[in-house]
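**Student:** Here is my input; please provide its structure:
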Amino acid sequence: MIIAVDGPAASGKGTIARALAAHYGLPHLDTGLLYRAVGITVSRAGGNPDDAADALAGCAFDDSLLDDPALRSEEAGPLASRVSRHPQVRAALLERQRAFARQPGGAVLDGRDIGTVIVPDADAKLFVTASLEERARRRQAELAGTSIETIMAAIAARDARDAGRAAAPLKRADDADLLDTSDLGIGAAVQRAIALVDARLEGRL
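**Tutor:** This is a model prediction of the structure:
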């Protein structure tokens with residue numbers, strides 16, 4: 001069973017994907033970490049994340065980097081967004097993600113192009129979203145001292161880059177169920193996600 005979870009930054013897709021993986025007993029991959037790893041690798045090497053050659057060279061990172069706390073930093077997010085615009089980078093990481101998805105028993109993957117590009121034949125697809133204001137509020141809780149206006153501007157810019165890129169833009173797959181978490185707590189959002197996946201698996205939707 002393969003479950004694809006897509007959505008913009010701070011929508012709750014990662015939390016929901018991890019909960020789905022635990023519920024169904026499946027391995028989970030936050031594919032955004034791969035792009036964050038590329039971005040951090042390029043930055044540490046003194047390269048330019050907007051340069052296709054530099055970004056492609058960053059794809060040669062060692063798997064151990066995925067455990068580096070720096071990948072969860074605020075610096076890594078924009079770097080990931082910048083390197084992910086290059087088709088060469090997306091192609092280099094494509095098979096890595098597909099191999100994870102197609103392991104025996106399946107998996108849960110979250111990102112921005114899982115249901116549209118990585119595994120378009122996933123058994124269940126969710127597109128998790130929330131209002132810009134709510135996403136900024138959630139991010140502000142993690143960033144003490146940063147104004148809500150600054151965070152909203154950063155998230156809006158990230159959304160524009162991700163939705164506007166030529167290579168695998170952020171968008172909802174035609175057959176993905178929409179899950180708006182704006183007014184949902186974590187528990188309620190997870191239960192709704194499980195219900196949507198169960199319905200897909202049982203052929204009710």
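
**Student:** so where is the protein shaky, pLDDT-wise?
**Tutor:** 204-205 (pLDDT under 70).

**Student:** got the buried residues for stretch 197-205?
**Tutor:** By neighbour count with 16 or more other CB atoms under 10 Å, stretch 197-205 contains the buried residues 197, 200. Just so you know, the C-beta spots here come from the backbone N, C-alpha and C atoms, and that holds for glycine as well.

**Student:** which outside residues touch that stretch?
**Tutor:** Here stretch 197-205 makes contact (CB atoms under 8 Å, 6 or more residues apart in numbering) with 1, 3, 20, 24, 123-126, 177, 196.

**Student:** Save the residues you listed as TSV, and put in distance to residue 36 and neighbour count too.
**Tutor:** Listed next are the contacts of stretch 197-205 as TSV, based on distance: CB to CB, whole Å; neighbours: other CB atoms under 10 Å:
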residue	distance to residue 36	neighbour count
1	26	15
3	21	30
20	21	22
24	25	19
123	27	13
124	25	24
125	23	25
126	21	30
177	27	20
196	27	19
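
**Student:** any idea how far residue 192 lies from residue 72?
**Tutor:** Residue 192 sits 26 Å away from residue 72, going by CB to CB, to the nearest Å.

**Student:** Can you show me the helices along the chain?
**Tutor:** Using DSSP state H, the helices of the chain run over 13-24, 32-44, 52-57, 76-83, 87-101, 132-142, 148-164, 186-201.

**Student:** quick one, what contacts residue 65?
**Tutor:** Contact analysis of residue 65 by CB under 8 Å, 6+ apart lists 37, 40-41, 71.

**Student:** Just give me the neighbour total for the residue nearest to residue 83 when sequence neighbours are not counted.
**Tutor:** Leaving aside its chain neighbours, residue 83 sits nearest to residue 55 (4.2 Å; criterion: CB to CB, 6 or more residues apart in numbering). By other CB atoms under 10 Å, the residues close to residue 55 number 26.

**Student:** Kindly report the same for the one 4 residues further on.
**Tutor:** Residue 59 sits with 21 neighbouring residues when counted by other CB under 10 Å.

**Student:** Same question for the one 5 residues further on.
**Tutor:** Around residue 64 there are 8 other residues, counting by other CB under 10 Å.

**Student:** next one: residue 50
**Tutor:** Neighbour tally, residue 50, other CB under 10 Å: 12.

**Student:** From residue 49, how far off is the nearest residue to it once chain neighbours are set aside?
**Tutor:** Excluding the flanking residues, the one nearest residue 50 by CB to CB, 6+ apart is residue 82, at 5.6 Å. Distance, residue 82 to residue 49, using CB to CB: 4 Å.

**Student:** which residues are in contact with both of those two?
**Tutor:** Overlap of the contact sets of residue 82 and residue 49 (by CB under 8 Å, 6+ apart) consists of 39, 55.

**Student:** What count of nearby residues applies to the residue nearest to residue 113 when sequence neighbours are not counted?
**Tutor:** Excluding the flanking residues, the one nearest residue 113 by CB to CB, 6+ apart is residue 168, at 3.9 Å. Using other CB under 10 Å, the number of residues around residue 168 comes to 20.
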